[in-house]
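Trainee: pasting the sequence and the predicted coordinates here, then a few questions.
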Amino acid sequence: MENKILADIATLYAYLEAENKKVNGLYEEIQNGIPSFLEPVLMRLPANAEVLLALVDRVVALKESSLLNVFNKLGVLEAEALEIRTLMLQITEDFYKQKHERLLEFVTNKELLTPFLRELLAGIHRIGLVFNGFFANWQKQLIWGINKDLSQKFHNDLPSILEVLKSSQEVTQEGEVSDRSYSIPVFENGKYQAMAYAEFFKVDFERFRSVFESVLLALELTPEVCPKLEQKAQYLSYLQSLQNAMMQKDVTKLLESWRAVDRAWMAITTPLQIGHPLEYYEDHYRKAVAPEWDLRIARIYEGRDLLNLSWNDDSKVSKESFIEFYRSYTAKMPQTPHKKEIDFCVQESLAKTQSYGGQPLLFYGAELNGLFSAQVVPNDESVSAKYGKKIFYFPDRVWELSCAKPFMLLSRKTFPKEFLDFNREMLYFRKKDWYKAYEITTIGHEFGHILWVSLDSELHMNQSGQFKNIEEFKATMGGLAYYFTAKNQPLLKEIVWNTIARAVGLIAWKKENEVLPYYCEGLIHLDILFSSGVLEYSGDFDTVALSVNENCILKLIENYLKAYEKLIRVYLNKADALEFLSDYACRDAKGYFMPLKVEVFAFVRDYYKQYNAIGQVVDTLSIREWKENYKKEQGSND
């Protein structure tokens, strides 16, 4: 039965890949016509090429950045923009609801998996539909409502907002202050007070109560036939814990209730992994955990590729190799009052880390506003110190999306042809190398999150509200430092060129609060890239904005490692994150972070201006034409 389940998972994964290719094909389809599901929103926006690309990007890539850029370019007023964003969320929700239902029909008709696992998938879908409604209300009430009002009232001054919200912090009965929240700040009796989600969103949570009861009953009545891969007891324990946490109305019990969820979740080790509310990128004030819900399917499971059983995992990015890297690195770092405690926490988390390489199978709620390229969770370090973490990585989805997206005019105006050709060659013609680079940068990034933190690091380091805005750079540097200090570096140029392209692209997220940590990460990268001489700005975008100097890579590595060691000291001292961030960026008069260095400032300012002007304009060079030209050039060089 175990072999049958694993074979069925491979079949389901192959079905998912085929369906994803159809979805990604929308980028090409809009060159010939308008998809019918977009017609309602095109009654409110012009049906030109830029708008169509932005709308398809919203559905396919699940990102709003292109759409927000279009709003800005068209001068769409804020109230109308929110209405259109809400409409696009509904369109995206309906699009994937239909896809998920077809997938469940496929599983049922083919009698894939087992009766219990089929019932589990159906239950996850039913719960997910409630999460869709909850997320829409959560975003409207908290992100676009309370948080927007706070921003306006205090003129976007983060310290003032954090100060007034202190009275709404979630504090346990033992006096522990939570570093995230599962509640809404409600203004009552002259101050903000925390109100649990279940209390604030009563209608949504009555639906949750009903669906959890029916799903749990159906699962309890369905027999288990393969305990290793079904883990019925573990799933029931997890779902019951999740139900209890979601229905908890006592604010003093929220933190422990959700810790019980994470502990139960860590016990599930099958190739089918549920993702529950874990992340809090959307809320910069109280880190309210977002209504996310999904099911991930792993093709890389226990070191085996379920789609290619003869495949042998020779990956160097593993928990064992990262433990070795961490031990050698931390040995040369200075002693601080917190170092021993941090070291214990990090090594315990690393040693117990599980990893799953695959794709999102079903997803709902906040996931409709963006899926992860990789993730390491839970964020609660007290849970991770005892139970470890789970790393999820989705290279197939990232690669397929990257291959499907058209070339953009902004890229051609920013980077030299040789730079673009090198990255495109790896994407389209060196797939194995692309996957290896992804592994180093992305899986390395997730391992990098685990390093240098203990139970209360975020609480201490977030006094100015900037912890997340250095944490993403710290994570990326974990993967880069791991590679830069390795004995063999066969893909050094590939890793650096990938980092350059990513850092520049992150500038587009300057005004998007959800992804502000990544924008700040990009600013730090650019400071180091320019300071090392790898990048130089020509001063305009009339020809090509950047020159890229391969001869400065060794200097770049030296500067990266110096910056990383400086950052580690901040973590080992649990100092305010602003101490590190302020060496690279500060807020401008409008409240947006901008670089300190003059040349970097000029480039970021001009790139963002170009992004607003032509960010959604497709290059005249198509993917097909580039491939043909590249093959001809390679042939003439042989």
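Mentor: Structure received.

Trainee: how about low-confidence regions in the stretch 301-450 of the chain?
Mentor: 309-316 (pLDDT under 70).

Trainee: after the longest helix that the chain contains, next one along is what?
Mentor: In the chain, taking DSSP state H as the definition, the longest helix is helix 78-109. For helix 78-109, the succeeding helix or strand toward the C-terminus, using DSSP states H and E, is helix 115-138.

Trainee: and that following helix, what does it pack against?
Mentor: If you count contacts as 3 or more Cβ pairs under 8 Å, 6 or more residues apart in numbering; DSSP states H and E, helix 115-138 packs onto helix 78-109, helix 202-221, helix 227-230, helix 232-247, strand 272-275, strand 292-301, strand 354-365. Any C-beta I mention is one placed from the backbone N, CA and C, and that applies to glycine too.

Trainee: which one of these lies closest to residue 376?
Mentor: Between residue 376 and these, the tightest spacing by Cβ to Cβ is seen for strand 354-365, at 9.1 Å.

Trainee: distance from that closest one to the middle of the chain?
Mentor: Chain-centre distance of strand 354-365: 12 Å, with Cα atoms, centre = their mean, to the nearest Å.

Trainee: report the angle between that strand and helix 78-109.
Mentor: 120 degrees (axes from the mean of the first three to the mean of the last three Cα atoms, to 10 degrees).

Trainee: name the strands paired with the next helix or strand along the chain from strand 354-365 and say parallel or antiparallel.
Mentor: Going down the chain from strand 354-365, the next helix or strand is strand 374-377, by DSSP H and E. Sheet pairing of strand 374-377 (DSSP bridges) gives strand 390-393 (antiparallel).

Trainee: got the buried residues for the next helix or strand after the strand it pairs with?
Mentor: Sequence order places helix 395-404 as the next helix or strand after strand 390-393, per DSSP H and E. For helix 395-404, the neighbour count (16 or more other Cβ atoms under 10 Å) marks 395, 396, 397, 398, 400, 401, 403, 404 as buried.

Trainee: what is the helix or strand just after helix 395-404 packed up against?
Mentor: Downstream of helix 395-404, the first helix or strand assigned by DSSP H and E is helix 409-414. Under the contact criterion of 3+ Cβ pairs under 8 Å, 6+ apart, helix 409-414 touches helix 598-614.

Trainee: now for the helix it packs on, which elements pack on it?
Mentor: Helix 598-614 sits against helix 65-74, helix 409-414, helix 516-531, strand 535-537, strand 593-595, with contacts defined as 3+ Cβ pairs under 8 Å, 6+ apart.

Trainee: identify each buried residue in that helix, please.
Mentor: 599, 600, 601, 603, 604, 606, 607, 608, 610, 611, 614.

Trainee: now tell me what touches that helix from outside.
Mentor: Contacts of helix 598-614 from elsewhere in the structure, counted by Cβ atoms under 8 Å, 6 or more residues apart in numbering, are 69, 72-73, 409-410, 413-414, 504, 507-508, 510, 523, 526-527, 530, 535-537, 539-541, 545-546, 594-595.

Trainee: kindly report the same for stretch 294-305.
Mentor: Contacts of stretch 294-305 (Cβ under 8 Å, 6+ apart): 6, 9-10, 12-13, 16, 121, 124, 128, 271-275, 306-307, 311, 313, 355-364, 367, 371, 392, 394, 396.

Trainee: stretch 574-593 too?
Mentor: For stretch 574-593, contacts defined as Cβ under 8 Å, 6+ apart pick out 156, 338, 456-457, 460-464, 466-467, 469-471, 510-511, 516, 519-520, 523-524, 527, 566-567, 570, 594-596.

Trainee: buried among those residues? Make that a ChimeraX selection.
Mentor: In ChimeraX, a selection of the buried entries from the contacts of stretch 574-593 looks like this (16+ other Cβ under 10 Å):
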select :338,456,457,460,461,462,464,466,467,469,470,471,510,511,516,519,520,523,524,527,567,570,594,595
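
Trainee: now stretch 24-32, how far from the centre of its chain.
Mentor: For stretch 24-32 - counting by Cα atoms, centre = their mean - the centre lies 25 Å from the chain centre.

Trainee: stretch 600-616 now?
Mentor: Counting by Cα atoms, centre = their mean, stretch 600-616 comes out at 23 Å from the chain centroid.

Trainee: next: stretch 46-59.
Mentor: The answer for stretch 46-59 is 23 Å, by Cα atoms, centre = their mean.

Trainee: buried set for that stretch?
Mentor: Neighbour count says stretch 46-59 has 50, 51, 52, 53, 54, 55, 56, 57, 58, 59 buried, by 16+ other Cβ under 10 Å.

Trainee: test my guess that the third one contacts residue 32.
Mentor: Okay, so that is residue 52. No - Residue 52 is beyond contact range of residue 32, at 11.0 Å (criterion: Cβ atoms under 8 Å).

Trainee: pull out the buried residues from the contacts of helix 598-614.
Mentor: 69, 73, 409-410, 413-414, 504, 507-508, 510, 523, 526-527, 530, 535-537, 541, 545-546, 594-595.
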